[in-house]
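>>> Quick one: sequence and predicted model below, then my questions.
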Number of protein chains: 2
Amino acid sequence: MRILTWNINSVRLRIDLLMRLIDETDPDVICLQETKVVDDAFPAKPLAERGYAHSVISGQKSYNGVAILSRLPLTATGVKDWCGRSDCRHVFATAAGVEVHCLYIPAGGDEPDPAINDKFAHKLQFLDEMTGWWPTARSAKQPMVLAGDLNIAPLEHDVWSHTQLLGVVSHTPIEVEKLAALRRTLGWIDTARRFVPSEEKLYSWWSYRARDWQASNRGRRLDHIWVTPPLEDSLRACSILRAVRGWEPKPSDHVPVILELAR
Amino acid sequence: MRILTWNINSVRLRIDLLMRLIDETDPDVICLQETKVVDDAFPAKPLAERGYAHSVISGQKSYNGVAILSRLPLTATGVKDWCGRSDCRHVFATAAGVEVHCLYIPAGGDEPDPAINDKFAHKLQFLDEMTGWWPTARSAKQPMVLAGDLNIAPLEHDVWSHTQLLGVVSHTPIEVEKLAALRRTLGWIDTARRFVPSEEKLYSWWSYRARDWQASNRGRRLDHIWVTPPLEDSLRACSILRAVRGWEPKPSDHVPVILELAR
DNA sequence: GGGGTCTCAG
DNA sequence: CTGAGACCCC
């Protein structure tokens, strides 16, 4: 079973790149973030024709938007709100006995101070709420996958310069600690790091603002696939598809991450 | 001597198409309209490097904008305002003894009633002012060229349906009559019609709104090159480059018109 | 730097 | 439909 996640930054603009990605990676389940489109305008038809007939879609105009597409039947589908907002950041569904959660955690704005910056406060509250929710709503014994753009690079080598990014939203100690707390709720496993040692640089996002993303290589690992302990023995591979950052025309600033499970 | 005119609808967006047009038509003088760019941001450098080192440029942010580029030296250059506005619709210059005027007449909005529609009133006033100006400022004995987007299709076969467009701005009787009055001032010659009989359909513009401009072919001849009587015997050809409407990527809705003079 | 939206204009 | 620009967000 292959599960792919991608912050696609407009599914309408990049539907052709998504088709190419499907051709090249053959996933069973696809999690998308930043689809930026209302459900009625989501390009569900070409995806269904390509074999992904099952879906949970939750999008709003212009901002955010998440979706799960699957060629396996989906059961127990749902959309979850956080922080009292219906801002389309979380959908879930069960495929072949695995509950898949597709998440888009708020980016958090520029200023890493919740007292001045409402967006950062929102991000922290989002993390706190989720951390409280998992143990009450789910069990660590369920086989589950949490995939998406978490907008936090937790490890030193998940950013191009740990020291230079300590004060930059996405790598501040408070966010990193809250993400760790979230991970501890059900003993979630950070799958990418099961296959790449934590001493090695690993990124899933490169800013559009760099003149040459490849040359400067100032990346961050913001996109993650986590699994609960029952899936630990099924882990076969987790790959960050770096090359997609250069796909023409108009690549997303995020690249896809794909998980392979032996089931 | 070859003089080309084109409503380029953003010179920054279509600089590559302009270079291709230069390669294919080898003009001496180029008149552009709807450049949509302030003079500082006009792509003068690539054009100078391509051989068009002489220019008169008058552009504003976002709207309008005209320019004359030339590989022949330009003298007596000027920018002219109309209707008390500095809206960058008229530049002129003399090249090899021919005074070239590059014009962008206001489109005139949707409603063909000057009492309700200020844009239509502006268009009519623009035509009236010019009609008064030419005989006082210039002589019919001077060799002159007037080229540009006049936003009026004067003849029955300058539109896809004379009867359906009688009430549509660009082909209403009042505009057509005012354009005729302008033409009479110095006995201007409508050069395209010296080479294509007036019974034949001839267009220089096709709306972006048609699903397939070529299939529906609902065009209008809005772009013109006129000359004064001293140049009558020098006329060698006037061609409307229809194929440019299909140039990829992102064609302009107007196509270029090119005049060849035996001098 | 580049998505999205809206408005103005053609 | 398609420019430009203003604004929001990443």
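That came through, no problem. All values reported here derive from a predicted model rather than from experimental measurement.
>>> Apart from its neighbours in sequence, what residue is nearest the residue of the stretch 51-200 of chain A found nearest DNA strand D?
At 3.6 Å from DNA strand D, residue A:107 is the closest residue in the stretch 51-200 of chain A, using Cβ to the nearest atom of the strand. (Each C-beta comes from the backbone N, C-alpha and C, glycine too.) Spatial nearest neighbour of residue A:107, chain neighbours left out: residue A:151 (5.0 Å); criterion: Cβ to Cβ, 6 or more residues apart in numbering or on different chains.
>>> what's the answer for residue A:134, then?
Here the residue nearest residue A:134, using Cβ to Cβ, 6+ apart, is residue A:185, at 4.0 Å.
>>> so the one you found touches residue A:129, yeah?
No: in this structure, residue A:185 is not within contact of residue A:129 by Cβ atoms under 8 Å, at 11.7 Å.
>>> more neighbours, these two?
Remark: of residue A:185 and residue A:129, residue A:185 carries more neighbours, 17 against 14, as counted by other Cβ atoms under 10 Å in any protein chain shown.
>>> what's the spacing between the more buried one and residue B:40?
57 Å (Cβ to Cβ, to the nearest Å).
>>> What parts of the stretch 1-150 of chain A come near DNA strand D?
A:63, A:106-107, A:109, A:119 (Cβ under 7 Å from any atom of the strand).
>>> Any chance you could list what contacts stretch A:41-57?
Residues from elsewhere that reach stretch A:41-57 (Cβ atoms under 8 Å, 6 or more residues apart in numbering or on different chains): A:11-12, A:15, A:18-19, A:22, A:30, A:35, A:39, A:59, A:67-74, A:77-79, A:91-93, A:95, A:102.
>>> Output those of the residues you listed also counted as contacts of DNA strand C.
Restricting the contacts of stretch A:41-57 to those near DNA strand C by Cβ under 7 Å from any atom of the strand leaves residue A:12.
>>> Among the contacts of stretch A:41-57, which are located in strands?
Among the contacts of stretch A:41-57, the members falling in strands (DSSP state E) are A:30, A:67-70, A:74, A:77-79, A:91-93, A:95, A:102.
>>> wait, residue A:4 sits on residue A:30?
Yes: the pair residue A:4 / residue A:30 is scored as a contact, 5.1 Å apart, by Cβ under 8 Å.
>>> Neighbour count for these two, which is higher?
Shown here are residue A:4 and residue A:30; by other Cβ under 10 Å, residue A:30 has more neighbours (28 against 25).
>>> which residues sit in contact with the closest residue to the more buried one other than its chain neighbours?
Distances taken as Cβ to Cβ, 6+ apart put residue A:69 closest to residue A:30, at 4.3 Å, once the chain neighbours are dropped. Going by Cβ under 8 Å, 6+ apart, residue A:69 touches A:29-30, A:32, A:47, A:52, A:54-55.
>>> number of nearby residues for the nearest residue to residue A:7 once chain neighbours are set aside?
Nearest non-adjacent residue to residue A:7, counting by Cβ to Cβ, 6+ apart: residue A:254, 3.7 Å away. The number of residues packed near residue A:254 is 23, by other Cβ under 10 Å.
>>> next one: residue A:198
Neighbourhood size, residue A:198 [other Cβ under 10 Å]: 12.
>>> can I assume it is in contact with residue A:155?
Yes: taking Cβ under 8 Å as the definition, residue A:198 is a contact partner of residue A:155 at 5.4 Å.
>>> what is in contact with those two at once?
Going by Cβ under 8 Å, 6+ apart, no residue sits against residue A:198 while also sitting against residue A:155.
>>> how about the CA coordinates for stretch A:248-262, as CSV?
Extracted in CSV, the C-alpha atoms of stretch A:248-262 (Å, rounded to 0.1, in the frame of the first residue of the first chain):
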residue,chain,number,x,y,z
GLU,A,248,8.0,22.3,-15.3
PRO,A,249,5.9,24.2,-15.7
LYS,A,250,5.3,26.0,-12.4
PRO,A,251,6.4,23.6,-9.7
SER,A,252,4.9,23.7,-6.2
ASP,A,253,7.2,25.0,-3.4
HIS,A,254,6.5,21.7,-1.6
VAL,A,255,7.4,18.3,-2.9
PRO,A,256,5.5,15.1,-2.3
VAL,A,257,6.3,12.5,0.3
ILE,A,258,5.4,8.9,-0.3
LEU,A,259,5.1,6.0,2.2
GLU,A,260,5.2,2.3,1.3
LEU,A,261,3.6,-0.1,3.7
ALA,A,262,3.7,-3.9,3.4
